[in-house]
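**Q** heads up, no residue letters with this:
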């Protein structure tokens, strides 16, 4: 299991982690060949927080307070150019508990500017902190 503070943007479904859902935003419908429901959430573990993209039935099934295990997740930009963690097509999210998990809200990994590592092409490194907390969800503390 990876700590959220250890995740970096990548085009690979290779993130296996566990977190608690702190908040969920409103559900939106994306137009296309078939209408897809999406919503953003703020999730956290004991090391960091990150914005999580819920898709279709995930928007209805998961609620704040749920502890979730993510297998083969991906941390990349969504259609709205927001850096989000999500299951993607190859990943899986599963509820494993409720309410009893230590977490922190900072740093928020979605609020960091990432750049390609000049010494290792295809790998991203942190360039700067955009905000220490979520600009989408106000601080709980």
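**A** Received, thanks. All of these numbers come straight from a predicted model, not from anything done at the bench. Numbers count the residues shown, from 1 in each chain.

**Q** tell me the pLDDT at residue 41?
**A** On the pLDDT scale, residue 41 is placed at 91.

**Q** List the contacts of it.
**A** 21-25, 51-54, 62, 64 (CB atoms under 8 Å, 6 or more residues apart in numbering). No exception for glycine: its C-beta is placed from N, CA and C like everyone else's.

**Q** Tell me where this structure is predicted with low confidence.
**A** Across the chain, the ranges flagged by pLDDT under 70 are 11, 30-35, 79-80, 132-133, 135, 138-141.

**Q** Which elements pack onto the longest strand seen in the chain?
**A** In the chain, taking DSSP state E as the definition, the longest strand is strand 66-77. Judged by 3 or more CB pairs under 8 Å, 6 or more residues apart in numbering; DSSP states H and E, the packing partners of strand 66-77 are strand 15-24, strand 83-86, strand 92-98.

**Q** Okay, the residue at the greatest distance from the centre of the chain and residue 125: tell me how far apart.
**A** Among residues of the chain, the one most distant from the C-alpha centroid is residue 119; the distance is 26.5 Å, by CA atoms, centre = their mean. Distance of residue 119 to residue 125, given as CB to CB, to the nearest Å: 9 Å.
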